[in-house]
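**Q** Give me a 3D structure for the following:
(one chain, ligands or ions: 1)
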Amino acid sequence: MPTTRDAELAREQAYVDTLYTRLDEIRETTRAQLRQVLMEAGTGTPQSIVERDVFAATHADRLSRLDAAEGRLCFGAMDNVDGGRTYIGRIGLSDQEQEPILVDWRAPVATAFYQATIADPRGLVRRRHLRTRGRRVTGIADDPLDPQAFMAAASAGAGTGAGTGAGTGAGVGAGAGVGVGSDVPESGDTMLLEALSAPRTGRMHDIVSTLQAEQDRIIRADANAVLVVDGGPGTGKTAVALHRAAYLLYTHRDRLLRSGVLVVGPSPVFLRYIEQVLPSLGETGVMFATPARLFPGIEATGEEPVAVAVLKGDERMAAVIAGAVRDRQRVPGRGLRLRHGEYELQLDRDTIARARTRARRSRRPHNSARGIFLRELLNVLTNQVVTQLPKGLFDQEERGEIRSDLWTDREVRRALNDLWPVLTPARLLADLYASPDLLGRAAGTHLTAAERALLRRAKAEEVRWTPADVPLLDEAAELLGDLDEQARRAEERRVEAERTAEREYAHGVLEMLGLNDRIDADTIAQRWTAPRQRRAAAEHASGDRSWTFGHLIVDEAQEVSPMLWRLLWRRCPGRTATLVGDLAQGARPGAPTSWGELLGPAVTHYAVERLTVNYRTPSEIMDVAADVLTAADPAAEAPRSVRSVGRRPRVVRIAVSAGEVPAGSSSVAAGGSAAEGELVRGVVAAAIDAAAEVSGGRVAVISAPGRVAVLRAALRDAAPALAAPGQPDEPEADGSSHARAGRARPELDLLDAPVVVLTVADSKGLEFDAVVLVEPAEIVAGPTRGLADLYVALTRATRALTVVHAEDLPEVLHSLSPCAPSPSPSPGSGSGSGENSVATAAAATDLERVAPAAEAGEETITGRQLHLLW
Ligand SMILES: Nc1ncnc2c1ncn2[C@@H]1O[C@H](COP(=O)(O)OP(=O)(O)OP(=O)(O)O)[C@@H](O)[C@H]1O
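**A** Purely as a prediction, here's the structure:
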């Protein structure tokens, strides 16, 4: 017998059917309009061509947004006090009479959907969530928002969590979730819990249907300011930042499509992890970059010791670079003597100094002020030649000839070039690192001798740029100015990139319209100028250092060094930015402890919004992580986990016979001692076990950098189906700095593997169903902020954490020690029991025979080179 709920489902299905029918109609109309525009020959007046291109771009844009809305087109509805109902979806739709039938989630009216609570119902009596699969409505969840209805629902569905005032986030109980057809009402919390408990796919998804009130407020905050979104791990900072980008592009579309939005994230793997979110929301006008790629033409893949990266990020380096540029504008103590043919010429110290002052006063960058300097000195030299000529006064034309003779004279030219050379940023920096004299003069009193020694590189040719070099190159470029040649090449690269992008785009459009056989992509790409403009923002940034963005979004902002901030503000001089981060996760030794300190004097006005609910890490794991946070900063507050999974972290201790040294980069690199072998086998077994536990989900093995290569190789041997085939063996076990040379970026495949081995730095911002954490003591003892790194590693898992160690656990992990209450997996966890792998048996055996570890050997994972410090 059909229930009320079945009737409700049928009613919602009918409405959703109407929406999809309308979506199909609009799509078909748009497709037809686009087809018509594309088939026009385009031989009219320039104005008509421009108009046609603008139409084409508008239709194509609209079509791609309509396509992106296909999945979960409508996900909710609001019942208003006046009896009306408003449906909320990924895009706005109107019927044939232009009456709205679906409201875009970003429209002002949709705010109530996310923010209404029982205490503040915002004119609503009920919020309804729709669960859909394809075009089918499979579930309904209601949040009653008027108190009487709430009481009624609460007594009808006691224990389901109905009416907890969804939108408040925390407090979702485990085990909620009711299938279709049940008469027990579901709430918005059920939907949230479902989303949070779903297996991870290696890619972040949009959260538009379950956004929480505190998140929504941030997304809709004023665009014209610097907004800091602060929050612990898993609080949705990244998700919020991306949804904010989509919101800003919707609200300020014209302005932001012209100038673009720049999103900076910590690593290529991270960018790959988030790349689908904005397209799934129908937005593409965003440029993504890692700090290593913010200087056009350079991909900074080198690595260097943490202390060097930290020094390069120090604001004093701005003065050093400025000093280096000034130092290359030389005035020799005794002036210059030159021979030009039969003429003896002389430039005394004062003359050169005067020319230099005049050039500097122009306030032009070095390479363009050079013209003034050279002109001054060539004039002086020309005069000297003229006065030595018997003929006396010369007219302008003859003087000009003398000048160009002087300039083509190799000796004269070399001497003048030496005084004020043409410089590229790369040349300036490479010379600086290679020469103690240059560095000494440039640094003046800004750096100590020990700091100068840190920057020193053996030979200029060996320079491989690191991420920390990028802001220095940019700083230098700012002071040096463009070389004509450089600018020309950059422009060529940009035009080529645009052409390729247009061809691909046109190809996609033709495929979509089924016009492949009637018109070719090149023809469209050539005549279609509007998309070129549309794509220009993103394309420009990779080839044009001077491009400025309309909005800047920085993820993991706590890692940004003062020098990198200088670069970022040059890219976004309007200072309209969303900066998301967590100071407690900062890896940089001596990192600032407040946002004010981190942002420095360049940003005097900013607002901080705090997210407090952890949507990722279950409470069983977060309890352990919270101890680490407290040890690092007793005043810090850990975010509250929104759910528990009934599974405590598992610990596998590898028994080591006395006398065997458990850790050490050299033994690790070489494949190691018997103890190392045991540890590696234990880790691989735990990873296989975890993969079985989260079947279909994702597992990360997180270790100190020195172990990554060995663990990857061992995993590939033991379980090739689980390891990514192309996993890079970086960073090198020997700690060499040539880690990523010449690779076709295989690290990007990492997210597609069921099990990946990562350093803490590479795992930043990512999440996995299960994490196997290797030798936490090594992570704590690393060259970055060890406790912060441990905190990051512990908070990556959505379901299961296994710690494998041979050394003693760090004191902060006391709750995991065998003496602490319930260290072993709790019964009924739905995991660990009865898995078919050897690993479970091995783990159990190891736990049983917790042998006293050998005295921890000398810590050898030291001075690791790290590429993630900016
Ligand atoms: N409202 C929500 N609905 C569904 N899922 C959510 C919601 N908020 C956050 N999540 C999920 O929680 C997880 C953590 O979010 P996110 O990665 O944005 O956190 P974060 O604060 O950036 O974490 P970290 O600081 O560790 O990088 C993601 O899977 C995200 O999709």
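**Q** Give me the packing partners of the top helix by length along the chain, helices and strands only.
**A** When the chain is parsed with DSSP state H, its longest helix is helix 4-39. If contacts are counted by 3 or more C-beta pairs under 8 Å, 6 or more residues apart in numbering; DSSP states H and E, helix 4-39 sits against helix 46-68, strand 74-80, strand 85-89, strand 93-94, strand 100-104, strand 124-133, strand 136-144, helix 484-513. Using the backbone N, CA and C atoms, a C-beta is placed for each residue, glycine as well.
**Q** can I assume residue 790 is in contact with residue 780?
**A** Yes - Residue 790 is within contact range of residue 780, at 5.5 Å (criterion: C-beta atoms under 8 Å).
**Q** Those two: which is more packed in?
**A** residue 790 (28 against 22; other C-beta atoms under 10 Å).
**Q** Around the ligand, pick out the residues from the stretch 451-600 of the chain.
**A** residue 582 (C-beta under 6 Å from any ligand atom).
**Q** how does it look with 8 Å?
**A** By the rule C-beta under 8 Å from any ligand atom, the part of the stretch 451-600 of the chain lying against the ligand is 555-556, 580-582, 585.
**Q** could you dump those residues to JSON lines with secondary structure?
**A** Listed next are these as JSON lines, based on DSSP: H, G, I helix; E, B strand; the rest coil:
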{"residue": "555", "secondary structure": "coil"}
{"residue": "556", "secondary structure": "coil"}
{"residue": "580", "secondary structure": "strand"}
{"residue": "581", "secondary structure": "strand"}
{"residue": "582", "secondary structure": "coil"}
{"residue": "585", "secondary structure": "helix"}
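**Q** Identify the residue spatially nearest to residue 240, adjacent ones excluded.
**A** Here the nearest residue to residue 240 in space, its sequence neighbours aside, is residue 215; by C-beta to C-beta, 6 or more residues apart in numbering that works out to 4.9 Å.
**Q** how about low-confidence regions in the stretch 251-400 of the chain?
**A** Low-confidence segments of the stretch 251-400 of the chain, defined by pLDDT under 70, span residues 391-394.
**Q** mind listing the strands for it?
**A** In the stretch 251-400 of the chain, the segments counted as strands under DSSP state E, counting those that start in this stretch are 261-264, 286-289, 304-305, 336-340, 343-347.
**Q** Go through the ones you listed and pick out the most buried.
**A** strand 261-264 (a mean of 26; mean count of other C-beta atoms under 10 Å).
**Q** what does that strand rub up against?
**A** 241-242, 245, 248-249, 285-291, 294, 537, 541, 549-555, 568, 571-572 (C-beta atoms under 8 Å, 6 or more residues apart in numbering).
**Q** any common contacting residues for residue 790 and residue 780?
**A** Joint contacts of residue 790 and residue 780 (C-beta under 8 Å, 6+ apart) are 810, 812.
**Q** how about the residue lying closest to residue 293 once chain neighbours are set aside, phi and psi?
**A** Spatial nearest neighbour of residue 293, excluding adjacent residues (C-beta to C-beta, 6+ apart): residue 299 at 5.9 Å. In terms of degrees, to the nearest 10, the main-chain angles of residue 299 are phi -110, psi 110.
**Q** Looks like residue 299 contacts residue 290 (just checking).
**A** No - using C-beta under 8 Å, residue 299 is not in contact with residue 290, being 9.3 Å away.
**Q** Please say which of those two ends up with more neighbours.
**A** residue 290 (20 against 15).
**Q** And the more buried one, how far from residue 268?
**A** Residue 290 sits 6 Å away from residue 268, going by C-beta to C-beta, to the nearest Å.
**Q** if we can go back for a sec, give me the buried subset of the contacts of strand 261-264.
**A** Taking 16 or more other C-beta atoms under 10 Å as the criterion, what is buried in the contacts of strand 261-264 is 241-242, 245, 248-249, 285-291, 294, 537, 541, 549-555, 568, 571-572.
**Q** Would you map the strands across the stretch 751-870 of the chain?
**A** With DSSP E, counting those that start in this stretch as the criterion, the stretch 751-870 of the chain has strands spanning 755-758, 768-774, 797-805, 865-866.
**Q** ok, back up a step: name the member of the residues of the stretch 451-600 of the chain next to the ligand with the most neighbours.
**A** Going by other C-beta under 10 Å, residue 580 tops those with 28 neighbours.
**Q** if I pick that one, what's in contact with it?
**A** If you count contacts by C-beta under 8 Å, 6+ apart, then residue 580 has 228-231, 237-238, 240-241, 553-557 around it.
**Q** Following the record's annotation, map out the domains of this structure.
**A** 4-155, 219-302+486-613, 330-419, 619-656+675-726+750-816 (the TED database).
**Q** Tell me how far residue 398 lies from the ligand.
**A** Here residue 398 is placed at a distance of 71 Å from the ligand (C-beta to the nearest ligand atom, to the nearest Å).
**Q** Now do the same contact list for that residue.
**A** No contacts exist for residue 398 under C-beta under 8 Å, 6+ apart.
**Q** Of the helices and strands packed on helix 4-39, which shows the lowest average pLDDT?
**A** Lowest mean pLDDT within the helices and strands packed on helix 4-39: helix 484-513, a mean of 65.
**Q** If we ignore the residues flanking it in sequence, what's nearest residue 340?
**A** Nearest to residue 340 is residue 409, by C-beta to C-beta, 6+ apart, at 5.3 Å.
**Q** could you measure the one you found against residue 382, distance?
**A** Taken as C-beta to C-beta, the span from residue 409 to residue 382 is 12 Å.
**Q** Quick check: residues of the stretch 101-250 of the chain near the ligand?
**A** 169, 192, 195-196, 200, 204-205, 207, 209-212, 215, 231-241.
**Q** ok, the nearest residue to residue 810 once chain neighbours are set aside to residue 367 distance?
**A** Nearest in space to residue 810, with sequence neighbours left out and distances taken as C-beta to C-beta, 6+ apart, is residue 780 at 4.7 Å. Distance of residue 780 to residue 367, computed by C-beta to C-beta: 48 Å.
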